[in-house]
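*Asks:* need coordinates for the following:
(2 chains)
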Amino acid sequence: MRQSLIRASFSAWLALTLLFVALRVLPGYALETTLLGSGASQRVIDARRASLGLDQPILVQYCTYWVGLLRGDFGVSLTNGLPVIEIIAQHIRPTLALALGALLVALTFGSLVGFWAALDHPIARALIALSLSVPILWTGTLAAYIFVVRLDWLPLGGDDIYGMILPVGILGFHTSGGIASVLAAGLRDANSADYAFAARVKGLPPRRVWLRHLLPNALPPLVSVIGLQFGFLLGGVAVTESLFARPGIGRTLVNAVFNQDYPVVQGIGAYIVLVYTLVTLITVWINRSIDPRIRIDS
Amino acid sequence: MKRAAVLVILAGLVLLLPNFAPYDPMLTDPINRLQSPSLAHVFGTDTFGRDVFSRWLHGGSRTLLSAAVATSIGAVGGVLFGVSMGGRFGFVSAFSTLLMQALLTMPGLVTGLVMVTLLGVGSPSIVLAVGLSQVAPMSFVLRAAVEQIRSADYVTAAVSAGASPFRIARDVMARNIAPVLWSYVGVVFAYCLLNSAALSFLGLSGDPSIPDWGAMLYEGRIAFREAPLLSLFPGAAITLTVLLINWATQDRLRG
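*Replies:* Now for the predicted structure:
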């Protein structure tokens, strides 16, 4: 456990350093070239550089960056001058609701389809294939057309429960495929093991064999893939929020990318790195507590 | 066999699709905007009166080619880093492992978004960003394959027979890693196609009048109330391509 904590912290440190290089050092040079080419006077250029902290040596900038990160200070947006941390705080609530709702849908739907696919049912296999291969932007547009325009059952946007149904359902459906396929594979593997045969020969009812003897053995890879799917969810949020015009972190990130608003991209990127690293650590920890083999191995 | 067939089909589509376009895909005709499918316009016309069928054909060629270029970037990077992680190269191996682990702390699409910020909006930067964001996942698959094969008996046999390291790498290791590599290249292609469509859909391809399936979905999203068909054709094409790729690579992964 301590080892995985150290490794995760080290990866996160390196990722945040790469973000610094990619979004502070390299654009810093680009920004200066643009400023020099713009024909602005030397005084204006110097003032601009100083306000962005670009006149400091790289190492000093790097230290300032880390002190800021640790204090929760991600810098100031280039487009509207707001502190990045405030922008994140303003937009986190709808994103959290969307991501957690979608995760819930994905877990419920993914587990059901996973069990169904473990019995080799073609419809379950088709659902998994669709969940994994249809672009989320397309399902979203089609579902919006059917449920909003044609049937007029749901609103397109909106922060209430009705406005949430479409985005949560669609993001959840596309997150469920990975969960279902890993669960099905794990269950199928367990089903062909000797202990499954032994449990059946003992005369246990099928429900008990599946839930008490097979499911626990399929859980560790399932927990890992849920962690991975959380990463997919973080990316999918950007598409879903833009699609349904929801005011969240994902749409803010896309707008910042569009405007080359480096501090905002850097701040949201750092935030995502930290959340994703934490989720990965939690999955490692859950797996250790449910699977004694992992504890003994390490 | 299946994989070779799919490769030939995709290459054929890239080369041949534009030749069947009845109109110039960029030609606007505001009087005939948003027409339903007819004999003159098989898929109808879009918001600017452009022929959707022609755009779909040209866009398909462009989209598949971009995904192929992105896949090559991801595959070359993934092989380089994967081999250096799996091999015993001391400092280089350790450094590659750290770098790839750090890259994996960010989801693929977010890595792509960060890179587009740096490179600026436009389809070349989408291709580069999407390809580079696949390097880390690919490298871990390759490292696992290298480590597994390195301890196989036939490698030990080749070593004790006195084969040179280069010969082992070329004739023994590469040959046995190839199947894993090719099936994962299929997976990477599917991700590249979906992710570059997502980035174009977010409006990051720069000029949406250049035909591309992702950009067509972006325009279809804007007009989805009046013209749902605009989204139907490019979306179905992306889905079918990904299903085709998954079908071709699936048996290998299960194997």
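
*Asks:* what about the residue nearest the centre of chain A, which SS state?
*Replies:* The residue lying closest to the centre of chain A (C-alpha atoms, centre = their mean) is A:Leu234, at 2.3 Å. With DSSP: H, G, I helix; E, B strand; the rest coil as the basis, A:Leu234 sits in helix.

*Asks:* residues contacting the closest residue to B:Thr63 other than its chain neighbours?
*Replies:* Once flanking residues are discounted, B:Thr63 sits nearest to B:Trp213: 4.4 Å by C-beta to C-beta, 6 or more residues apart in numbering or on different chains. For glycine as for every other residue, the C-beta is placed from the backbone atoms N, C-alpha and C. Listed by C-beta atoms under 8 Å, 6 or more residues apart in numbering or on different chains, the contact set of B:Trp213 reads B:Trp56, B:Gly59, B:Gly60, B:Thr63, B:Ala197, B:Ser200, B:Pro234, B:Gly235, B:Ala237, B:Ile238.

*Asks:* quick one: low-confidence ranges for the chain?
*Replies:* In the absence of a named chain, chain A is used. Counting by pLDDT under 70, the ranges of chain A that qualify are A:28-40, A:158-159, A:296-298.

*Asks:* not quite, I wanted chain B
*Replies:* Where chain B drops to pLDDT under 70, the residues are B:251-255.

*Asks:* which bits of the stretch 51-200 of chain A sit near chain B?
*Replies:* A:129-130, A:132-138, A:141-142, A:144-145, A:149 (C-beta under 8 Å from any C-beta of the partner chain).

*Asks:* rewinding a little: ok, the residue nearest to the centre of chain A touching A:Tyr276?
*Replies:* Yes. Counting by C-beta atoms under 8 Å, A:Tyr276 is a contact partner of A:Leu234 at 6.5 Å.

*Asks:* so what sits against both of the two?
*Replies:* Listed as contacting both A:Leu234 and A:Tyr276 by C-beta under 8 Å, 6+ apart are B:Pro107.

*Asks:* how about the helices in the chain?
*Replies:* Going with chain A. Remark: helices assigned in chain A by DSSP state H are A:2-20, A:26-37, A:42-52, A:58-70, A:84-118, A:122-133, A:136-144, A:161-191, A:194-201, A:206-208, A:215-243, A:249-258, A:262-290, A:292-297.

*Asks:* sorry, should have said chain B
*Replies:* Taking DSSP H as the test, the helices found in chain B are B:2-16, B:52-86, B:91-103, B:108-119, B:123-132, B:135-150, B:153-160, B:165-167, B:174-201, B:213-222, B:229-254.

*Asks:* so how far is the last one from its chain's centroid?
*Replies:* Averaging C-alpha coordinates over helix B:229-254 and over its chain gives two centres that are 12 Å apart (C-alpha atoms, centre = their mean, to the nearest Å).

*Asks:* rewinding a little: and of the helices of chain A, who's closest to B:Gly82?
*Replies:* Relative to B:Gly82, the nearest member of the helices of chain A by C-beta to C-beta is helix A:2-20, separated by 17.3 Å.

*Asks:* dump that closest one to PDB, restricted to CA.
*Replies:* This file holds the C-alpha atoms of helix A:2-20, laid out as PDB (Å, rounded to 0.1, in the frame of the first residue of the first chain):
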ATOM      1  CA  ARG A   2       2.800   2.400   0.900                       C
ATOM      2  CA  GLN A   3       4.600   1.500  -2.300                       C
ATOM      3  CA  SER A   4       1.600   2.300  -4.400                       C
ATOM      4  CA  LEU A   5       1.000   5.600  -2.600                       C
ATOM      5  CA  ILE A   6       4.600   6.600  -3.300                       C
ATOM      6  CA  ARG A   7       4.400   5.500  -6.900                       C
ATOM      7  CA  ALA A   8       1.100   7.400  -7.400                       C
ATOM      8  CA  SER A   9       2.400  10.600  -5.800                       C
ATOM      9  CA  PHE A  10       5.500  10.400  -8.000                       C
ATOM     10  CA  SER A  11       3.400   9.900 -11.200                       C
ATOM     11  CA  ALA A  12       1.200  12.800 -10.200                       C
ATOM     12  CA  TRP A  13       4.200  15.000  -9.500                       C
ATOM     13  CA  LEU A  14       5.700  14.200 -12.900                       C
ATOM     14  CA  ALA A  15       2.300  14.700 -14.600                       C
ATOM     15  CA  LEU A  16       1.900  18.100 -13.000                       C
ATOM     16  CA  THR A  17       5.400  19.100 -14.000                       C
ATOM     17  CA  LEU A  18       4.700  18.000 -17.600                       C
ATOM     18  CA  LEU A  19       1.600  20.200 -17.500                       C
ATOM     19  CA  PHE A  20       3.800  23.100 -16.300                       C
END
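
*Asks:* and for it, what's in contact with it?
*Replies:* Contact with helix A:2-20 is made by A:62, A:65, A:69, A:266, A:269-270, A:273-274, A:277, A:280-281, A:284, A:298, B:98-99, B:101-106, B:114, as judged by C-beta under 8 Å, 6+ apart.

*Asks:* hmm, back to that, between the contacts of B:Trp213, which sits nearest B:Arg175?
*Replies:* The closest of those, once distances to B:Arg175 are taken by C-beta to C-beta, is B:Thr63, at 33.0 Å.

*Asks:* how many other residues sit next to the closest one?
*Replies:* B:Thr63: 29 surrounding residues under other C-beta atoms under 10 Å in any protein chain shown.

*Asks:* and it, what does it touch?
*Replies:* With C-beta under 8 Å, 6+ apart, B:Thr63 has these contacts: B:Leu193, B:Ser196, B:Ala197, B:Asp212, B:Trp213, B:Gly214, B:Ile238.

*Asks:* before we move on, back to that, could I get the helices of chain B as a markdown table with distance to B:Asn32?
*Replies:* Conversion of the helices of chain B to a markdown table gives the following (distance: least, C-beta to C-beta, whole Å):
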| stretch | distance to B:Asn32 |
| --- | --- |
| helix B:2-16 | 27 |
| helix B:52-86 | 12 |
| helix B:91-103 | 48 |
| helix B:108-119 | 35 |
| helix B:123-132 | 27 |
| helix B:135-150 | 45 |
| helix B:153-160 | 66 |
| helix B:165-167 | 64 |
| helix B:174-201 | 25 |
| helix B:213-222 | 16 |
| helix B:229-254 | 14 |
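
*Asks:* looking at these, which is nearest to A:Gly53?
*Replies:* Using C-beta to C-beta, the helices of chain B put helix B:108-119 closest to A:Gly53, at 18.4 Å.

*Asks:* tell me how far the closest one lies from the chain's centre.
*Replies:* Using C-alpha atoms, centre = their mean, the offset of helix B:108-119 from its chain centre is 16 Å.

*Asks:* equivalent analysis for stretch B:69-89, please.
*Replies:* In this view, stretch B:69-89 has its centroid 16 Å away from the chain centroid, taken as C-alpha atoms, centre = their mean.

*Asks:* mind saving the C-alpha coords of it as CSV?
*Replies:* In CSV, the C-alpha atoms belonging to stretch B:69-89 read as follows (Å, rounded to 0.1, in the frame of the first residue of the first chain):
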residue,chain,number,x,y,z
VAL,B,69,-1.9,8.8,-39.2
ALA,B,70,-2.8,9.3,-35.6
THR,B,71,-2.6,5.5,-35.1
SER,B,72,0.9,5.4,-36.6
ILE,B,73,2.1,8.1,-34.3
GLY,B,74,0.6,6.2,-31.3
ALA,B,75,2.0,2.9,-32.5
VAL,B,76,5.5,4.1,-33.2
GLY,B,77,5.7,5.9,-29.9
GLY,B,78,4.1,3.0,-28.0
VAL,B,79,6.5,0.5,-29.5
LEU,B,80,9.6,2.6,-28.7
PHE,B,81,8.6,3.3,-25.1
GLY,B,82,7.1,-0.2,-24.6
VAL,B,83,10.3,-1.9,-25.8
SER,B,84,12.5,0.4,-23.7
MET,B,85,10.3,-0.3,-20.7
GLY,B,86,10.2,-4.1,-21.2
GLY,B,87,13.9,-4.4,-22.1
ARG,B,88,16.8,-4.1,-19.7
PHE,B,89,18.2,-0.7,-20.6
